[in-house]
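# Fold the following and give me the result.
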Amino acid sequence: MAAVVGEERTAPRPDDAAEPSPTRQQRFENSRAGRVVISVVIAAILLLNLVWNLPQNSPIAKGLHDLTDPLSVPLGLDQWWGMFAIPESRVTSVDVDVTMANGETRIWHMQPGAPGVGWWSRWTGLRNQVVTNPVVRPQLAHWVVGQVTKPGERATEVVVLLRSENLSKPGEPAAGRSPASKVLYQETLAAPR
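This next block holds a predicted model:
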């Protein structure tokens, strides 16, 4: 048998295959204009989140919310990330005192405890609304009156109270002060006609 001398044949390697042309997205991401647009979008999202996480009572935050809300609310960027913050050193609760016609006072405590998914955040959200939004207070007061009265009973007054108590740091003795109370809403209820 005669041997063929000279050329060796090799199989084509996979990396020799023609590379597919870049997609429109890849071309955009690699272009200068694409990098600028992506950077601007990321910076805008970070700025909107920063504005939403400023202390809500500050004049700066109030002024910036007027500018950013039209964009951040529809995009869902109006989220507050305070749940990941350092725990507060004050405990606040909302109580509703209902005075009955016979002079008895019934106290309704806003205490989360209902079973199910999301109950804690819903009660916390309601408490925050009652504290910050005066429009919600009469609605809560009237609902509580309906919850604590039985048929044939009559409530004469309802008071929504905010109770606050400063907590001591771990290892320190208790401050010894009683919780502070603030009346958020008070209404004398008319007798039924």
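
# Which parts of the protein are strands?
If DSSP state E is used as the criterion, the strands of the chain fall at 90-100, 105-109, 155-166, 180-188.

# how about CSV for those, with distance to residue 42, mean pLDDT and mean neighbour count added?
All C-beta spots, glycine's among them, are computed from the backbone N, C-alpha and C. Below are the strands of the chain laid out as CSV (distance: least, C-beta to C-beta, whole Å; pLDDT from 0 to 100; neighbours: other C-beta atoms under 10 Å):
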stretch, distance to residue 42, mean pLDDT, mean neighbour count
strand 90-100, 36, 90, 17
strand 105-109, 45, 93, 14
strand 155-166, 39, 92, 17
strand 180-188, 41, 93, 13
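
# export those strands to CSV and tack on distance to residue 131?
Shown next, in CSV, are those (distance: least, C-beta to C-beta, whole Å):
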stretch, distance to residue 131
strand 90-100, 7
strand 105-109, 15
strand 155-166, 6
strand 180-188, 7
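
# what's the closest of these to residue 19?
Of all these, it is strand 90-100 that lies closest to residue 19, at 62.0 Å by C-beta to C-beta.

# Now do the same contact list for residue 41.
Shown in contact with residue 41 (C-beta atoms under 8 Å, 6 or more residues apart in numbering): no residues.

# Between the strands of the chain, which one is closest to residue 122.
strand 90-100 (13.8 Å).

# For the closest one, name the packing helices and strands.
strand 105-109, helix 119-132, helix 136-148, strand 155-166 (3 or more C-beta pairs under 8 Å, 6 or more residues apart in numbering; DSSP states H and E).

# which residues does residue 185 contact?
Taking C-beta under 8 Å, 6+ apart as the test, what residue 185 contacts is 134, 137-138, 140-141, 158-160.

# Show me how this protein divides into domains.
23-83, 87-188 (automatic domain parsing).

# Wait, residue 165 touches residue 180, no?
Yes. Here residue 165 reaches residue 180: they are 7.4 Å apart, a contact under C-beta atoms under 8 Å.

# picking that back up, dump the helices and strands packed on strand 90-100 to TSV, plus distance to residue 62.
Listed next are the helices and strands packed on strand 90-100 as TSV, based on distance: least, C-beta to C-beta, whole Å:
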stretch	distance to residue 62
strand 105-109	32
helix 119-132	13
helix 136-148	20
strand 155-166	21
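
# Just give me the neighbour total for the closest residue to residue 140 other than its chain neighbours.
The spatially closest residue to residue 140, leaving aside those adjacent along the chain, is residue 130, at 5.7 Å (C-beta to C-beta, 6 or more residues apart in numbering). Residue 130 is flanked by 21 other residues according to other C-beta atoms under 10 Å.

# Check residue 130 and give its pLDDT.
In this model, residue 130 is scored at 92, pLDDT.

# Then the one 3 residues further on?
Predicted confidence (pLDDT) at residue 133: the value is 91.
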